[in-house]
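**Q** coords please:
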Amino acid sequence: MSVTRENNDMKLFKKTALAGALGLALLSTSCLGPNNTFNNLHKWNDELTENRWMNEAAFIGLNIIPVYGLAYFADIVVFNSIEFWGGSSPVESNE
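**A** Purely as a prediction, here's the structure:
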């Protein structure tokens, strides 16, 4: 392998590592937020019926159909970002 090829490979690696680090820094601003969508879904599931086994079945069903995952993703990516940049949460807590 020639020296020029090694230098080009190293430059490409450094650029890729820098781009990855910058992307990670932008995506992880550490805005945790209240996660109201996820918490409201969890509270609704907890109070769905008086029977804890039916609530568990609903919980499992909402995880198989990724409702919990989508709610959490929407909280983190969309609603917490809106709250961070806009100052108020678009989803109110049901507490």
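**Q** Span of stretch 37-56 from start to end?
**A** One end of stretch 37-56 sits 19 Å from the other (CA to CA, to the nearest Å).
**Q** avg pLDDT for it?
**A** For stretch 37-56, mean pLDDT rounds to 93.
**Q** In that stretch, which residues are buried?
**A** By neighbour count with 16 or more other CB atoms under 10 Å, stretch 37-56 contains the buried residues 37-42, 45. Bear in mind the C-beta positions are built from the backbone N, C-alpha and C, glycine included.
**Q** who touches it?
**A** Residues outside stretch 37-56 that contact it (CB atoms under 8 Å, 6 or more residues apart in numbering) are 58-59, 62, 67-68, 71-72, 74-75, 79, 91, 93-95.
**Q** Compare those residues and tell me which is most surrounded.
**A** residue 75 (24 neighbours; other CB atoms under 10 Å).
**Q** okay but that one is in contact with residue 69, surely?
**A** No: counting by CB atoms under 8 Å, residue 75 sits too far from residue 69 to count as a contact (10.7 Å).
**Q** where along the protein do the helices fall?
**A** Counting by DSSP state H, the segments of the chain that form helices are 3-27, 36-46, 52-64, 67-73, 80-86.
**Q** What is the fourth one packed up against?
**A** If I follow you right, that is helix 67-73. The contact analysis (3 or more CB pairs under 8 Å, 6 or more residues apart in numbering; DSSP states H and E) places helix 67-73 against helix 36-46, helix 52-64.
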